[in-house]
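**Q** pasting the structure only:
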């Protein structure tokens, strides 16, 4: 599974404007991290996703978008895995 995850993360990182990628399990343990994504933020990213899911608990988990002047962080949970993409604004 680790090789498959590394392959997916590498593919994501080859996408234009992507500066970082992080994948974490439901307990906030970082499974993979590349680029500007910090391993230490895995728990916070999972917590943000869990809290956003509580807004409408009976629908699929929402995509959370955190935005600054020059960066975007997209957070999405799928089952027990949460992913975060860090993008540079074009």
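**A** Good, I have the coordinates. Not measured: the values here are computed from a predicted model.
**Q** surely residue 35 and residue 13 touch.
**A** Yes - Residue 35 is within contact range of residue 13, at 5.9 Å (criterion: CB atoms under 8 Å). Where you see a C-beta, it was placed from the backbone N, CA and C, and this is true even at glycine.
**Q** which neighbours do those two share?
**A** Common contact partners of residue 35 and residue 13 (CB atoms under 8 Å, 6 or more residues apart in numbering): 20-21.
**Q** and the helix or strand hosting residue 21, what does it pack onto?
**A** Assigned by DSSP states H and E, residue 21 belongs to strand 18-24. On a contact count with 3 or more CB pairs under 8 Å, 6 or more residues apart in numbering; DSSP states H and E, strand 18-24 meets helix 2-13, strand 30-35, helix 42-53, strand 81-88.
**Q** among those, which is the most enclosed?
**A** Mean neighbour count (mean count of other CB atoms under 10 Å) peaks for strand 81-88 among the helices and strands packed on strand 18-24, with a mean of 20.
**Q** now that strand against helix 42-53, angle please.
**A** Relative orientation of strand 81-88 versus helix 42-53 (axes from the mean of the first three to the mean of the last three CA atoms, to 10 degrees): 100 degrees.
**Q** tell me the SS of the residue lying farthest from the centre of the chain?
**A** Most distant residue from the mean C-alpha position of the chain: residue 58, 21.5 Å away (CA atoms, centre = their mean). What DSSP: H, G, I helix; E, B strand; the rest coil gives for residue 58 is coil.
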